[in-house]
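Chemist: Sequence and computational prediction follow.
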Amino acid sequence: MNIPIITLEAVSLTISIFLAYLALRMLNMLQALTLRGGKISKSWTYILTGYLSISVGLTALILQNLLALSFLHITGTTTMTLGGAFITIGIYHEYRIWKNTLSK
């Protein structure tokens, strides 16, 4: 591997880990708000879970490239696919909420 590719993958890994960190912080914050009596829509939980899954899958794919561990490819791809499904469910759920709100 050459230096530019390693540098790009290191930056991608950093961004992926930061995305997972932010998703976990948001999930914890939403859980705290729910415990205090606030109502948080399910859609944000799905969306943040999806982002967390995508960042974990992306991290697995980056590590697979850096360390040449072939089993991480299927793990990363599967995790990212599940993350995309969660995000799609969350966005659809949020769309239905807004559609009902705006049609009134």
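Modeler: Great, that's in hand.

Chemist: Now the phi/psi pair for the most centrally placed residue in the chain, please.
Modeler: For the chain, residue 51 is the residue whose C-alpha lies nearest the centre (CA atoms, centre = their mean; 1.2 Å). Residue 51 adopts backbone torsions of phi -60, psi -40, taken as degrees, to the nearest 10.

Chemist: Pretty sure residue 23 is one of the things it touches, is it not?
Modeler: Yes: the criterion here is CB atoms under 8 Å, and residue 51 meets it with residue 23 at 4.5 Å. No exception for glycine: its C-beta is placed from N, CA and C like everyone else's.

Chemist: in this structure, which spans are strands?
Modeler: With DSSP state E as the criterion, the chain has no strands.

Chemist: Tell me where it has helices.
Modeler: With DSSP state H, the ranges of helices along the chain come out as 3-35, 42-67, 71-102.

Chemist: low-scoring stretches of this structure, by residue?
Modeler: Across the chain, the ranges flagged by pLDDT under 70 are 1, 33-41.

Chemist: and the residue located most distally from the centre of it, how far is that from residue 45?
Modeler: Residue farthest from the centre of the chain, counting by CA atoms, centre = their mean, is residue 104 at 32.5 Å. Note on residue 104: its distance to residue 45, by CB to CB, to the nearest Å, is 24 Å.

Chemist: repeat for residue 56
Modeler: Noted for residue 56: a distance of 16 Å to residue 45, by CB to CB.

Chemist: Kindly report the same for residue 92.
Modeler: Remark: distance between residue 92 and residue 45 (CB to CB) = 14 Å.

Chemist: do the same with residue 78
Modeler: 21 Å.
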